[in-house]
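>>> with the sequence up front, the predicted model follows.
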Amino acid sequence: MELNNKIRKTIILLTVLLLIPITIYFGSVVFGSKKYAFITFAVTLLSLIPFFITFERKKENTMKVTMLATMTALSVFGRLAFSFFPFFKPVTAIVIICGMFLGPEAGFLCGALTALISNFYFGQGAFTPFMMFAWGIVGFFAGLFSFLLRKNTVVLLMYGVIGGVGYSLIVDIWSVIWQDGYFNFSRYAVLIAAALPMTVMYAVSNVIFLLILAAPFGKKLERIKEKYGV
């Protein structure tokens, strides 16, 4: 039996905004760095739920998966290609574009899989679930507010800045838990202040890559969607 739109939206929002962050936070506090593989696996499975419950027609599903896989591969490649340039990478920009043109569920999964897959090169750890959620939520909200981001370049670039700052704020939560075993707001504030130069650099890189990539990628994705009725 197919789910109606209201139930789908409820499941998606509960999964992304409640179930995944709760799993990450309490899993990290309870297990620390010992069971990060289990937490990462759980987050990966939960990340698949919002995307796959939006499936409708077989032809549409195939093309949707193909486009998502392509965007995720480009995002992973972008992180690898710019590995020699700390805090200057196209990942967030590509995840935002994916969410804008393929929907919030695809944006979330693209961000989550980018962190998971690329960390097989950079190294897995207890931080991986936080990175998955951080990039995922940036792509998710890009999809939710795509009607604004696609219409106004200034708003899009502002979101690129917000995405860079938001990513840093979420990942820094892991740094606090790793050091204290719980969320210590005082240490969190110190870490945010210490990371400010890197956060600014990362936010600026998002703006640059969005200026370069948003228009050409968007046109290509729209053309494919129109051709295959996605």
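Thanks, I have the structure now.
>>> output the below-cut-off pLDDT ranges for the chain.
1-3, 32-34, 56-60, 230 (pLDDT under 70).
>>> now the helices for it?
Using DSSP state H, the helices of the chain run over 5-14, 20-31, 36-52, 58-81, 91-102, 104-122, 128-144, 146-149, 153-180, 185-194, 196-228.
>>> which positions in stretch 205-222 come out as buried?
With burial defined by 16 or more other Cβ atoms under 10 Å, the residues of stretch 205-222 counted as buried are S205, N206, V207, F209, L210, L213, A214, F217, G218, L221. C-beta coordinates here come from the backbone N, C-alpha and C atoms, glycine included.
>>> typo on my end, stretch 74-92
L74, S75, V76, G78, R79, F82, F87, K89, P90, V91, T92.
>>> list of residues touching that stretch?
Here stretch 74-92 makes contact (Cβ atoms under 8 Å, 6 or more residues apart in numbering) with 94-95, 98, 110-111, 113-114, 117-118, 121-122, 135, 138, 160, 163-164, 167, 198, 201-202, 205-206, 209, 213.
>>> straight-line length of that stretch, end to end?
Terminal residues of stretch 74-92 are spaced 11 Å apart (Cα to Cα, to the nearest Å).
>>> ok, back up a step: show me just the buried residues among the contacts of stretch 74-92.
94-95, 98, 110-111, 113-114, 118, 135, 138, 160, 163-164, 167, 202, 205-206, 209, 213.
>>> so which of the helices of the chain is the most packed in?
helix 91-102 (a mean of 29; mean count of other Cβ atoms under 10 Å).
>>> distance from the chain centre to that one, please.
8 Å (Cα atoms, centre = their mean, to the nearest Å).
>>> check stretch 135-152 too.
11 Å.
>>> stretch 9-26 now?
14 Å.
>>> quick one on the thing from earlier: out of the buried residues of stretch 205-222, who's nearest Y182?
N206 (30.8 Å; Cβ to Cβ).
>>> pull the contacting residues for that closest one.
Contacts here follow Cβ under 8 Å, 6+ apart; on that basis N206 touches T92, A93, I96, G160, V161, G163, G164.
>>> residues touching stretch 126-137, excluding its own?
For stretch 126-137, the external contacting residues (Cβ under 8 Å, 6+ apart) are 16, 20-21, 23-24, 27-28, 32-33, 36, 39-40, 43-44, 47, 91-92, 95, 107-116, 119, 166-167, 170-171, 173-174, 178.
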